[in-house]
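>>> Coordinates only, no sequence provided:
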Ligand SMILES: Nc1nc2c(c(=O)[nH]1)N[C@H]1C(S)=C(S)[C@@H](COP(=O)(O)OP(=O)(O)OC[C@H]3O[C@@H](n4cnc5c(N)ncnc54)[C@H](O)[C@@H]3O)O[C@H]1N2
Ligand code: MOO
Ligand SMILES: [Mg+2]
């Protein structure tokens with residue numbers, strides 16, 4: 001221990017820019033292995049390999065209507081004054097095959113989704129026809145010409161065999177599931193989810209089920225982070241919170257780094273007497289990536305590497321912890337899942353209200369979105385300090401306020417980072 005606290009390396013920090021901090025992390029983000037899951041459990045998972053079409057789609061000539069399949073040339077000249085009558089010689093429900101070849105002047109009754117007889121090149125809707133039965137035979141009369149291809153979906157209308165269906169790294173949701181089910185992929189090769197250990201630090205922390213005590217607070221960050229990990233596609237593992245005891249923290253954090261793919265801690269990264277995480281990341285077997293970022297909230301956000309594992313030591317302040325996860329831990333998780341762009345999307349938006357706070361650092365201000373008169377507006381939360389938790393729930397975006405000595409006026413264009421909406 002240094003006698004003069006100011007000699008302690010936790011005070012000597014040089015800030016990196018937020019983008020720089022993101023880039024420092026990326027070399028340690030490696031795609032994880034793969035596993036096979038049933039299609040019913042593939043939602044939210046990331047495809048480990050590209051998927052191609054094993055056959056054209058549709059793979060047979062399909063009727064788009066209930067009606068009659070016929071040869072369009074046989075309808076030539078049909079009109080109200082000159083109806084043409086066809087003998088109906090077959091019936092093809094969906095799922096069945098035509099029974100007999102169509103001869104000129106004949107038609108087959110057909111249902112939506114059924115295979116069109118090879119000799120037919122069009123389907124006429126039932127409503128355009130009249131049916132007669134005589135001597136056990138069925139006839140159909142038509143009063144208009146039908147052009148080739150009418151109500152007939154050709155083979156390969158949507159896709160040819162070998163066409164790329166889904167690229168590796170794509171997240172599976174309803175549309176991807178449609179494709180996989182259509183082509184018979186009932187088992188899907190996906191990336192293993194990163195196992196993310198979450199560990200809050202702080203002697204003031206109560207478990208959520210504990211009654212309130214004066215001077216102490218409930219550990220909310222652990223639960224916030226568990227949701228964020230899930231939203232990002234990871235598997236959260238909630239570890240018991242650690243009191244402000246450096247040796248205990250070291251033991252627990254190092255063990256977690258051995259056992260999990262990523263470790264996230266919150267609290268204790270600033271310069272306080274009990275800010276143990278700030279001490280823990282110094283020296284030893286950890287390779288410190290950064291311990292100060294030129295941003296607010298979360299200027300004390302810290303990241304380090306042990307062997308090939310990432311440790312994110314986020315601020316204890318709930319707002320800073322939330323933002324630190326989205327900017328740094330989330331891209332690491334997405335990258336491990338093979339997502340082609342691991343970062344949250346951002347957009348240009350009109351600032352809805354003046355933002356008067358000045359700052360040397362870039363601010364990531366919690367805000368809401370509004371679509372008005374064809375424009376996107378963003379409104380900063382009324383309370384957005386690092387220690388404020390209540391506005392996290394209303395945040396749809398993080399409004400990026402670059403360093404400013406004057407603030408930013410309503411009406412100016414700003415960048416807004418779209419936050420994940422859960423689900
Ligand atoms: N002298 C200085 N003091 C502080 C500085 C500084 O530069 N010089 N930085 C401030 C900033 S900015 C931040 S952010 C915080 C960072 O604090 P720590 O990361 O060290 O976190 P703690 O001290 O442990 O806690 C801060 C705050 O958050 C509450 N907390 C902690 N863990 C949880 C949890 N799991 N759930 C809910 N709330 C939690 C804790 O009780 C404190 O109120 O430091 C400033 N100080
Ligand atoms: O570093 Mo702190 O900026 O308020 O989160
Ligand atoms: Mg502290």
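That came through fine. Just so you know, these numbers come straight off a predicted model, no measurement behind them. Ligands and ions are numbered 1, 2, ... in the order given.
>>> So what does the residue sitting furthest away from the middle of the chain look like in phi/psi?
Of all residues in the chain, residue 135 sits farthest from the chain's C-alpha centroid, using CA atoms, centre = their mean; the distance is 63.0 Å. Reported as degrees, to the nearest 10, the phi and psi values for residue 135 are phi 50, psi 40.
>>> what's the distance between it and ligand 2?
89 Å (CB to the nearest ligand atom, to the nearest Å). For the C-beta atoms, the positions are set from N, CA and C on the backbone; glycine is no exception.
>>> since we're on residue 233, how many residues are nearby?
Residues near residue 233, counting by other CB atoms under 10 Å, number 22.
>>> gap between the residue nearest to it when sequence neighbours are not counted and ligand 3?
Counting by CB to CB, 6 or more residues apart in numbering, residue 233 lies nearest to residue 337, which is 5.0 Å off, once chain neighbours are set aside. Distance from residue 337 to ligand 3, counting by CB to the ion, to the nearest Å: 32 Å.
>>> Quick one: neighbours of residue 337, just the number.
Using other CB under 10 Å: residue 337 sits among 25 other residues.
>>> who's in contact with it?
Applying CB atoms under 8 Å, 6 or more residues apart in numbering, we find residue 337 in contact with 31, 32, 46, 169, 191, 193, 194, 233.
>>> what's across from residue 200 in the sheet?
residue 266 (DSSP bridges).
>>> List the buried residues for the longest strand anywhere in the chain?
When the chain is parsed with DSSP state E, its longest strand is strand 362-372. Residues of strand 362-372 classed as buried: 362, 363, 364, 365, 366, 367, 368, 369 (neighbour count, 16 or more other CB atoms under 10 Å).
>>> Contacts only, for the residue of the stretch 301-423 of the chain found nearest ligand 3.
The minimum distance from the stretch 301-423 of the chain to ligand 3, using CB to the ion, falls at residue 316 (5.9 Å). Contact analysis of residue 316 by CB under 8 Å, 6+ apart lists 200, 201, 202, 221, 266, 267, 268, 269, 270.
>>> How about residue 42?
172, 177, 180, 188, 190.
>>> For the nearest residue to the last one once chain neighbours are set aside, give me its contacts.
Translated: residue 190. Closest residue to residue 190 apart from its sequence neighbours, by CB to CB, 6+ apart: residue 45 at 3.9 Å. Going by CB under 8 Å, 6+ apart, residue 45 touches 37, 171, 172, 188, 190, 191, 193, 233.
>>> Is it possible to get CSV of the buried residues of strand 362-372 that adds pLDDT?
Output for those, formatted as CSV (pLDDT from 0 to 100):
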residue, pLDDT
362, 97
363, 97
364, 98
365, 98
366, 98
367, 98
368, 97
369, 97
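>>> Let me have the residues you listed in a markdown table, extended by distance to ligand 1.
Shown next, in a markdown table, are the buried residues of strand 362-372 (distance: CB to the nearest ligand atom, whole Å):
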| residue | distance to ligand 1 |
| --- | --- |
| 362 | 14 |
| 363 | 12 |
| 364 | 13 |
| 365 | 15 |
| 366 | 14 |
| 367 | 19 |
| 368 | 23 |
| 369 | 26 |
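>>> ok, these vs ligand 2, which is closest?
Proximity of the buried residues of strand 362-372 to ligand 2 (CB to the nearest ligand atom) peaks at residue 363, which lies at 8.9 Å.
>>> what is the rounded mean pLDDT of stretch 201-213?
Stretch 201-213 shows a mean pLDDT of 97.
>>> any chance of the contacts of residue 42 in TSV, plus neighbour count, secondary structure and pLDDT?
Shown next, in TSV, are the contacts of residue 42 (neighbours: other CB atoms under 10 Å; DSSP: H, G, I helix; E, B strand; the rest coil; pLDDT from 0 to 100):
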residue	neighbour count	secondary structure	pLDDT
172	21	coil	98
177	16	helix	98
180	20	helix	98
188	24	strand	98
190	23	strand	98
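>>> ok, of these, which one's closest to residue 99?
residue 180 (33.6 Å; CB to CB).
>>> how much space between the closest one and residue 55?
Going from residue 180 to residue 55 by CB to CB, to the nearest Å gives 14 Å.
>>> again with residue 177
Between residue 177 and residue 55 the computed distance is 19 Å (CB to CB).
>>> rewinding a little: regarding the residue of the stretch 301-423 of the chain closest to ligand 3, what is its secondary structure?
Secondary structure state of residue 316, per DSSP: H, G, I helix; E, B strand; the rest coil, is coil.
>>> Residue 26 now?
helix.
>>> check contacts around it.
Under the criterion of CB under 8 Å, 6+ apart, the neighbours of residue 26 are 331, 335.
>>> Mind doing that once more with 10 Å?
Residue 26 makes contact with 331, 332, 335, 342 under the criterion CB atoms under 10 Å, 6 or more residues apart in numbering.
>>> got a list of contacts for the longest helix belonging to the chain?
Taking DSSP state H as the criterion, the chain has its longest helix at helix 246-259. The contact list for helix 246-259 (CB under 10 Å, 6+ apart) reads 195-199, 201, 237, 239-243, 245, 262-265, 267-268, 274-277, 279-281, 284-286, 304-311, 313.
>>> Inside strands: which ones of those residues?
Judged by DSSP E, strands contain the following of the contacts of helix 246-259: 195-199, 237, 262-265, 304-306, 309-311, 313.
>>> Please report the distance of the residue of the stretch 51-200 of the chain found nearest ligand 3 from residue 313.
Closest residue of the stretch 51-200 of the chain to ligand 3, CB to the ion: residue 200 (12.4 Å). Distance, residue 200 to residue 313, by CB to CB: 11 Å.
>>> cool, residue 18 as well?
16 Å.
>>> Check residue 409 too.
For residue 409, the distance to residue 313 - CB to CB - is 36 Å.
>>> what do you get for residue 204?
17 Å.
>>> How about residue 415?
27 Å.
>>> okay, those two: which has more neighbours?
Using other CB under 10 Å as the criterion, residue 415 and residue 313 rank with residue 313 on top: 30 against 15.
>>> list the contacts for that one?
Residue 313 neighbours (CB under 10 Å, 6+ apart): 199, 201, 253, 263-269, 275-278, 280-281, 286, 288, 291, 300-304, 324.
>>> can you rerun that using 7 Å?
265, 269, 277, 281, 302 (CB atoms under 7 Å, 6 or more residues apart in numbering).
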